[in-house]
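Asker: my questions are about this predicted structure, shown below with the sequence.
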Amino acid sequence: MTRSSASGCLVLLMRKQLRFRSTDHIQALLDLAIDVHLITVETEDAAGDPRFASCLLLPPELPDAEIVAAAVGLARKTGAAAVITFAEVDIVIAGLANEQLGVPWARSEADRICRDKARQREFLRAHDIPSVWYHGVSDIEQAMDVARERGLPLIVKPTKAASSSHVELVNDLDRLAGALADIERLARGRSRHYYEEMPEHWALIEEYLPGREVTLDGLVLDRQFMLGGICDKMVSSGPFFEEDLYTFPFSTPEREPELLDTATAITRHLGVCSALFNVELREDSGGRFRVVEFSTRISGGHVYRNIKDVYRIDLVRMFARMARGDSVAEIVAQENLRTQPRMTTCNKVIFGTGVVLRNNAGNTVHSPFFRTYYPMAKPGEHVAAAPVGFDTVGTLSVRMRWHDGQKPDEIHALARELAGQLDVEISPC
């Protein structure tokens, strides 16, 4: 398809996460002069948001099939080239809508595998891609028997949640039973759009990998995988896994090729033609990276923009151009490709439990190292950190110059220092 036949608009499906988690992603669409037609269930200010050419508000509990129909109808009405999303819970709906629209790069079966961690495990095992021992849970008592035979500790997680919600390292059988019961209630309650219906396996128990965790983001264009960046992050040692200090560039760049090969193998076996892509990996006790999960989307929040700041490559811009109909040859010839690092960046996550009284950037804005702060929770809002909840108060992004051999400790210290200057106050409940 040539540039002259490209569409000037796209449908953006984001039932949630409009505030901050996708701010930079949406701006990339606007910078391309794309008319963005939004579908959401977030009624607060969405209808009047000037970023969107139109806004279709849907009931929060509308079945997926009806959302697909609404997305297809809106795309046909507006002449949009495709339906896109940056939200994990919406990738299957967007993929199904695109297939009904005849979008040639749509692969809804790949999206379905990405949305179900039990299917991911089966897929990885079938294609001999390093992952973890696991057991798909459909019955709590059966899972308890398997755990007794395997031995503890084990990781427990939902098959269709996101953002590490209800992921836990359990060390005794009583807590295992309780964690599985919590996940079963989450699935049956259909909260946060995680589960529309109960799948065969609604939870997993799996082996715990004790090493560091990284996230790789990239882009597939015409079946060719393009690396954006690999992010080091600090993950708590359990029982819950809050993630913090997302840092670029990757601290061991000599290992980039093996992680790139893993991501390429996953997308090839999935049959992905063109898509944003994300994969999380963790080291085992021997230092070997194994796949934790993957998805046909890009990381939310600061990560996408930080990749662009560090490596110059703009993954969302390139994907959006492909989605609207620009030729892959033009995109590759005209857009910035990945370069050596030009700076280092770090995201510091703010957690807390209580009632938010104040939540803004404060004096951090006066620092040359300040990039931005996303206040995720509003004043008056109740938040809860692990072990009582999985909320994020806000995320701070900082940056500094980069030199070869620089240790992550330098920017970690800077991020912690500036986090102390945020104007954040949380009153205990």
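Answerer: Good, I have the coordinates.
Asker: which helices and strands sit right next to whatever helix or strand Asp409 lives in?
Answerer: In the assignment (DSSP states H and E), Asp409 maps to helix 408-419. Judged by 3 or more C-beta pairs under 8 Å, 6 or more residues apart in numbering; DSSP states H and E, the packing partners of helix 408-419 are strand 243-248, strand 343-350, strand 394-401. The way it works is simple: take the backbone N, C-alpha and C, and place the C-beta from them, glycine included.
Asker: now the strands for the stretch 1-150 of the chain?
Answerer: Here the stretch 1-150 of the chain has its strands, by DSSP state E, counting those that start in this stretch, at 9-13, 35-40, 54-57, 83-84, 134-137.
Asker: still on that earlier bit, buried sites along the helix holding Asp409?
Answerer: Pro408, Ile411, His412, Leu414, Ala415, Leu418, Ala419 (16 or more other C-beta atoms under 10 Å).
Asker: repeat that for stretch 207-216.
Answerer: Neighbour count says stretch 207-216 has Glu207, Tyr208, Leu209, Gly211, Arg212, Glu213, Val214, Thr215, Leu216 buried, by 16+ other C-beta under 10 Å.
Asker: contacts for it, please.
Answerer: Stretch 207-216 is contacted from outside by 132-134, 153-155, 169, 227-233, 235, 238, 243, 246, 250, 259-260, 263, 278-285, 287, 289-290, 292, 299, 303, using C-beta atoms under 8 Å, 6 or more residues apart in numbering.
Asker: could you give the separation of it from the chain centroid?
Answerer: From the chain centre to the centre of stretch 207-216 is a distance of 16 Å (C-alpha atoms, centre = their mean, to the nearest Å).
Asker: ditto for stretch 175-182
Answerer: Taking mean C-alpha positions (C-alpha atoms, centre = their mean), stretch 175-182 and its chain are 25 Å apart.
Asker: residues in contact with it?
Answerer: 137, 140, 143-144, 147, 152, 154, 156, 166, 168, 170, 203, 205, 239.
Asker: so what are the domain limits for the chain?
Answerer: 3-113, 133-206, 342-429 (automatic domain parsing).
Asker: if I look at Ala80, how far off is Phe277?
Answerer: 22 Å (C-beta to C-beta, to the nearest Å).
Asker: those two: which is more packed in?
Answerer: Remark: of Ala80 and Phe277, Phe277 carries more neighbours, 28 against 25, as counted by other C-beta atoms under 10 Å.
Asker: just the strands of the stretch 1-150 of the chain: most buried one?
Answerer: Most buried of the strands of the stretch 1-150 of the chain by mean neighbour count (mean count of other C-beta atoms under 10 Å) is strand 83-84; its value is a mean of 28.
Asker: residues contacting it, please?
Answerer: 10-13, 71-72, 75, 94, 97-98, 101, 103, 319-320, 323.
Asker: and what of stretch 16-34?
Answerer: For stretch 16-34, using C-beta under 8 Å, 6+ apart, the contacting residues are 8-10, 12, 14, 36, 38, 40-42, 46, 49, 51, 86-87, 89, 192-193, 298, 300-302, 304-305, 314, 316-317, 320-321, 324, 374-376, 395.
Asker: how about 7 Å then?
Answerer: The list of residues contacting stretch 16-34 from outside it, by C-beta atoms under 7 Å, 6 or more residues apart in numbering, reads 8-10, 14, 36, 40-42, 46, 51, 86-87, 193, 300-301, 304-305, 314, 316-317, 320-321, 324, 374, 376.
Asker: quick one: the strands in the stretch 201-350 of the chain, in order.
Answerer: Applying DSSP E, counting those that start in this stretch to the stretch 201-350 of the chain gives strands spanning 203-206, 213-221, 224-235, 243-248, 275-283, 289-295, 343-350.
Asker: so which of these comes closest to Val310?
Answerer: strand 243-248 (4.5 Å; C-beta to C-beta).
Asker: partner strands of the closest one and their direction?
Answerer: strand 224-235 (antiparallel), strand 343-350 (antiparallel) (DSSP bridges).
Asker: what pLDDT, on average, does the longest one get?
Answerer: Just to be clear, that refers to strand 224-235. Here strand 224-235 scores 96 as its mean pLDDT.
Asker: start at 32 instead
Answerer: Renumbered: residue one is now 32, and that last one reads strand 255-266.
Asker: helix 439-450 and that one, what's the angle between them?
Answerer: Taking axes from the mean of the first three to the mean of the last three C-alpha atoms, to 10 degrees, strand 255-266 and helix 439-450 form an angle of 70 degrees between their directions.
Asker: for strand 255-266, buried residues please.
Answerer: So, applying 16+ other C-beta under 10 Å, buried residues of strand 255-266: Phe256, Met257, Leu258, Gly259, Gly260, Ile261, Cys262, Asp263, Lys264, Met265, Val266.
Asker: Gln151: how many residues sit nearby?
Answerer: 23.
Asker: swap in Phe401?
Answerer: When neighbours are counted by other C-beta under 10 Å, Phe401 comes out with 18.
Asker: what's the nearest residue to it if we skip its chain neighbours?
Answerer: Thr395 (4.8 Å; C-beta to C-beta, 6 or more residues apart in numbering).
Asker: what about that neighbour, how many neighbours?
Answerer: Neighbours around Thr395, by other C-beta under 10 Å: 22.
Asker: likewise Ala112?
Answerer: Neighbours around Ala112, by other C-beta under 10 Å: 25.
Asker: contact partners for the residue nearest to Glu289 when sequence neighbours are not counted?
Answerer: Spatial nearest neighbour of Glu289, chain neighbours left out: Phe320 (6.9 Å); criterion: C-beta to C-beta, 6+ apart. When contacts are counted by C-beta under 7 Å, 6+ apart, Phe320 touches Glu289, Leu290, Leu312, Glu314.
Asker: what's the separation between Ile338 and His56?
Answerer: On the measure of C-beta to C-beta, Ile338 and His56 end up 12 Å apart.
Asker: ok, the spatially closest residue to Ala102 that is not a sequence neighbour - contacts?
Answerer: Leaving aside its sequence neighbours, Ala102 sits nearest to Ala128 (C-beta to C-beta, 6+ apart; 4.0 Å). Listed by C-beta under 7 Å, 6+ apart, the contact set of Ala128 reads Val99, Ala102, Val103, Ala106, Val114.
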